[in-house]
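Trainee: please work out how this folds:
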Amino acid sequence: MRAQFILGELLTGLRRNLSMTISVILVTFVSLTFVGAAGLLQTQIGMLKDEWYDKVEVSVFLCPVDSPSPTCAVGEATPEQMASIEGVLDTELGDEVEQVFFESKEDAFEVFSERYPDGYLGTPLTVDDMQASFRLKLANPEHYEIVNDVLTGRPGVELVEDQRRIFDSLFLMLNRASLLSAGLAGVMLLAAVLLITTTIRLSAFSRRRETGIMRLVGASNLFIQLPFLLEGAIAAVIGALLAIGGLWLGVKYLVTDWLSESLSWVAYVSGGDVLRLAPVLIAIAFLLAAISSFVTLNRYTRV
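Mentor: As a prediction, the model looks like this:
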């Protein structure tokens with residue numbers, strides 16, 4: 001009987017405040033979509049770092065012809081200078097460098113020809129225009145500065161470049177997008193709290209006569225407040241489910257079916273990541289509604 005009464009009160013409340021309930025659903029949907037997007041962006045950043053940071057190399061570019069660098073005063077790097085650099089890599093940097101690969105000018109030209117078969121910006125280049133380099137795989141990519149300090153300024157070395165810096169701007173952009181999503185989510189969650197509070201207050205006010213009768217017959221606070229709590233919780237959870245569905249569709253059609261087809265060498269988030277995030281979004285929605293409703297009901301339906 002009690003469950004039937006609570007269900008009846010719940011349906012009555014949802015019917016009386018249908019427009020407000022729909023508003024709660026939509027605001028929760030938008031806010032949790034931003035929360036989910038921020039979470040997926042952080043997951044994507046983690047996947048990219050795990051995949052790339054162990055693979056990126058330090059490139060030690062040797063002096064080409066006519067380089068303005070002071071270390072290239074004698075011109076193109078000589079065999080003696082190359083041998084001296086190799087000796088430093090084997091001895092002084094032996095604990096830091098895990099693997100060394102030498103790319104000759106011929107190797108560099110072959111890679112260039114595959115990437116730019118018609119020349120760079122319409123300008124054909126030859127083997128003599130290429131630049132030899134050592135490609136270093138570090139035992140710990142975080143120790144780039146040690147390698148840089150040892151090799152920079154040595155005769156025959158024009159430039160030492162950490163390829164991770166190429167990705168740092170990408171990670172910075174993704175982190176900023178994640179923070180922007182989190183900030184927008186915070187604003188929308190605040191709006192959702194205010195809207196849920198207003199909805200519950202209006203619902204309690206519209207049923208003040210029934211609430212008064214329940215007080216007179218000795219109903220407990222929980223029994224009186226439960227239909228109102230369920231109203232907010234159901235609306236918020238529906239919004240969370242819509243957000244999960246929207247994120248899943250976005251990942252499927254924008255990432256899996258489109259972006260991964262264009263750039264297949266990158267690991268992307270998938271529908272499974274959305275499903276792993278789903279319980280968190282539902283929990284946020286439920287707690288959001290429960291706390292908002294509890295605070296409001298303590299004031300408007302107090303026995």
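
Trainee: what helix or strand does the residue nearest to the spatial centre of the chain sit in?
Mentor: Closest to where the C-alpha atoms of the chain average out (C-alpha atoms, centre = their mean) is residue 41, at 1.5 Å. Per DSSP states H and E, residue 41 falls inside helix 18-52.

Trainee: which stretches in this protein count as helices?
Mentor: Remark: helices assigned in the chain by DSSP state H are 2-16, 18-52, 79-90, 105-115, 144-151, 164-206, 208-216, 221-250, 260-262, 271-300.

Trainee: could those helices go into TSV alongside distance to residue 158 and mean pLDDT?
Mentor: To be clear about C-beta, it is placed using only N, CA and C from the backbone, and glycine gets the same treatment. What follows is those, written out as TSV (distance: least, C-beta to C-beta, whole Å; pLDDT from 0 to 100):
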stretch	distance to residue 158	mean pLDDT
helix 2-16	72	55
helix 18-52	25	82
helix 79-90	11	90
helix 105-115	13	82
helix 144-151	11	87
helix 164-206	17	76
helix 208-216	81	56
helix 221-250	45	80
helix 260-262	35	73
helix 271-300	43	82
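
Trainee: to residue 126, which of those lies closest?
Mentor: Ranking the helices of the chain by proximity to residue 126 (C-beta to C-beta) places helix 105-115 first, at 7.3 Å.

Trainee: residues of the closest one that come out buried?
Mentor: For helix 105-115, burial by neighbour count (16 or more other C-beta atoms under 10 Å) applies to 105, 108-109, 112.

Trainee: of those residues, closest to residue 86?
Mentor: The closest of those, once distances to residue 86 are taken by C-beta to C-beta, is residue 105, at 16.7 Å.

Trainee: wait, the closest one touches residue 132, no?
Mentor: Yes. Using C-beta atoms under 8 Å, residue 105 is in contact with residue 132, at 5.2 Å.

Trainee: how far away is residue 91 from residue 105?
Mentor: Separation of residue 91 from residue 105 (C-beta to C-beta, to the nearest Å): 26 Å.

Trainee: kindly apply the preceding question to residue 83 instead.
Mentor: Residue 83 is 17 Å from residue 105, by C-beta to C-beta.

Trainee: do the same with residue 142
Mentor: 31 Å.

Trainee: one step back: now tabulate the buried residues of helix 105-115 in TSV and tack on distance to residue 181.
Mentor: Output for the buried residues of helix 105-115, formatted as TSV (distance: C-beta to C-beta, whole Å):
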residue	distance to residue 181
105	46
108	41
109	44
112	39
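
Trainee: contacting residues around the residue nearest to residue 30 when sequence neighbours are not counted?
Mentor: Ranked by C-beta to C-beta, 6 or more residues apart in numbering and with sequence neighbours excluded, the top spatial neighbour of residue 30 is residue 188, at 5.4 Å. Counting by C-beta atoms under 8 Å, 6 or more residues apart in numbering, residue 188 touches 27, 30-31, 34.

Trainee: and the gap between residue 188 and residue 174?
Mentor: 21 Å.

Trainee: quick one: residues contacting the nearest residue to residue 126 once chain neighbours are set aside.
Mentor: Residue nearest to residue 126 in three dimensions, not counting chain neighbours: residue 109, with 7.3 Å by C-beta to C-beta, 6+ apart. Neighbour list for residue 109: 125-127, 129-130 [criterion: C-beta under 8 Å, 6+ apart].

Trainee: those, buried ones only, as a PyMOL selection?
Mentor: Per 16+ other C-beta under 10 Å, the buried members of those correspond to this PyMOL selection:
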select buried, resi 130
